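*Asks:* Quick check, what structure comes out for this input:
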Amino acid sequence: MTALYIILAVVAVIMLLLLIPADCILEFSYNNKENNGSVIIKYAFLKFKIFPNDKVEEVENEEETTDKEEKQEKSDILGIITLIKEVYKQLKKDILNLLDYIICHAIKIKELNVSSKFGMGNPMYTGIATGAVNAGVYNAVGWIDRRMKLEKWDVSLDADFNNACLDMGIYCKLRTNCLYVLTIGFKTVKVVLKIQKINRRIKENG
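*Replies:* As a prediction, the model looks like this:
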């Protein structure tokens with residue numbers, strides 16, 4: 001009987017861990033010709049900074065490519081194009097179903113903030129740009145609100161009719177849980193295995 005209680009307790013803990021929300025915070029800003037961005041994952045009391053990576057990567061010197069290497073690169077590119085065509089033809093429905101599950105079920109947007117100040121240096125051009133930008137941004141937010149679970153959003157678009165400038169910022173907080181992540185993983189693996197099968201068939205047929 002004790003063993004049964006232990007098993008039930010372990011199962012309960014696992015289910016609890018799977019249902020704990022996980023947040024992904026995306027931030028991007030552009031100001032004075034400089035851009036900054038970050039990607040942060042939060043799970044329970046844990047916090048992971050995915051981007052930017054603080055480690056400095058060593059830049060290796062590129063060697064000159066030979067004619068043989070260039071031909072191989074062209075061959076690889078043609079192979080990739082062929083693979084993409086076949087994947088689109090055979091797995092279009094599977095990929096769309098995966099994307100639909102991710103967008104409509106697995107992920108919800110807790111918060112979305114979009115802000116921008118822009119100017120073309122000419123009042124007429126700035127007015128035209130203002131109409132286009134407002135239409136594009138608000139239509140995009142409306143589409144996201146219809147397709148995804150958008151809880152809170154704010155859009156602030158300011159036009160500067162006197163100066164040429166561009167400042168913008170985007171803050172997006174996505175939420176899911178480990179159960180959804182595992183489901184996405186299984187669905188993705190199935191699609192990847194089918195892609196590998198298609199790739200092998202292409203190579204066999206030459």
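*Asks:* Now do the same contact list for the residue nearest the centre of the chain.
*Replies:* Nearest residue to the geometric centre of the chain (Cα atoms, centre = their mean): residue 26, 9.4 Å. The neighbourhood of residue 26, defined by Cβ atoms under 8 Å, 6 or more residues apart in numbering, consists of 37, 38, 39, 170, 171, 172, 173, 174. Using the backbone N, CA and C atoms, a C-beta is placed for each residue, glycine as well.
*Asks:* who touches the first one in this structure?
*Replies:* Shown in contact with residue 37 (Cβ under 8 Å, 6+ apart): 26, 27, 28, 29, 51, 52.
*Asks:* Can you report how many residues lie near the nearest residue to the fifth one once chain neighbours are set aside?
*Replies:* Leaving aside its sequence neighbours, residue 51 sits nearest to residue 39 (Cβ to Cβ, 6 or more residues apart in numbering; 4.2 Å). When neighbours are defined as other Cβ atoms under 10 Å, residue 39 has 14 of them.
*Asks:* swap in residue 31?
*Replies:* Neighbour tally, residue 31, other Cβ under 10 Å: 13.
*Asks:* repeat for residue 120
*Replies:* Other residues close to residue 120 by other Cβ under 10 Å number 19.
*Asks:* What is the burial count for the closest residue to it other than its chain neighbours?
*Replies:* Nearest non-adjacent residue to residue 120, counting by Cβ to Cβ, 6+ apart: residue 126, 4.5 Å away. Using other Cβ under 10 Å, residue 126 has 18 neighbouring residues.
*Asks:* so who does residue 126 touch?
*Replies:* Going by Cβ under 8 Å, 6+ apart, residue 126 touches 118, 119, 120, 159, 160, 161.
*Asks:* can you give me the helices in this protein?
*Replies:* Taking DSSP state H, the helices of the chain run over residues 2-19, 67-101, 123-147, 178-205.
*Asks:* just to revisit the earlier point, relative to residue 183, how far out is the residue nearest to residue 51?
*Replies:* Between residue 39 and residue 183 the computed distance is 22 Å (Cβ to Cβ, to the nearest Å).
*Asks:* and what of residue 197?
*Replies:* Distance from residue 197 to residue 183, by Cβ to Cβ: 22 Å.
*Asks:* who's more crowded, these two?
*Replies:* A direct count of neighbours by other Cβ under 10 Å for residue 197 and residue 183 places residue 183 higher, at 15 against 11.
*Asks:* Not counting sequence-adjacent ones, nearest residue to that one?
*Replies:* residue 106 (7.0 Å).
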